[in-house]
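S.K.: sharing a model that was predicted from the sequence below.
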Amino acid sequence: METKFKFLKISAVIFRVLAWVSVAVGVVSAIVIFIGGGTPEAPRSTGFIGLLLGIVYFFLFYTAAEVIVLLLDIRGRIDKGSSV
């Protein structure tokens with residue numbers, strides 16, 4: 001099973017990394033907009049939107065990673081012959 005699902009294991013790691021990167025980008029963009037004071041093109045409320053989107057993407061990516069890990073765990077138990 002080690003080589004059979006190698007792509008899924010790598011995908012789970014990539015999704016976790018993307019989750020943390022998205023929340024970091026959301027927080028940094030919100031801080032930059034709040035410190036910059038906002039402009040007519042990008043008012044301060046845009047900072048809240050960036051922060052909210054970073055959190056939403058974090059949950060989406062992290063959930064995708066956990067679902068992949070869960071499916072791999074289920075498959076591992078089935079391969080070992082134990083009951084799920």
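M.R.: That came in fine, so what should we check first?

S.K.: what comes up buried for the helix or strand where Leu71 lies?
M.R.: For Leu71, the host element (DSSP states H and E) is helix 45-80. By neighbour count on 16 or more other CB atoms under 10 Å, the buried set for helix 45-80 is 46-47, 50-51, 53-54, 57-58, 61-62, 64-65, 68-69. C-beta: built from backbone N, CA, C; applies to glycine.

S.K.: could you do stretch 13-20 as well?
M.R.: For stretch 13-20, by 16+ other CB under 10 Å, it's Phe15, Arg16, Leu18, Ala19.

S.K.: which of those residues fall within strands?
M.R.: Counting by DSSP state E, these place none of their members in strands.

S.K.: spatially, which two of those are the most separated?
M.R.: Largest separation among those by CB to CB: Arg16 and Leu18, giving 7.3 Å.

S.K.: can you give me the neighbour number for Lys9?
M.R.: Lys9: 13 surrounding residues under other CB atoms under 10 Å.
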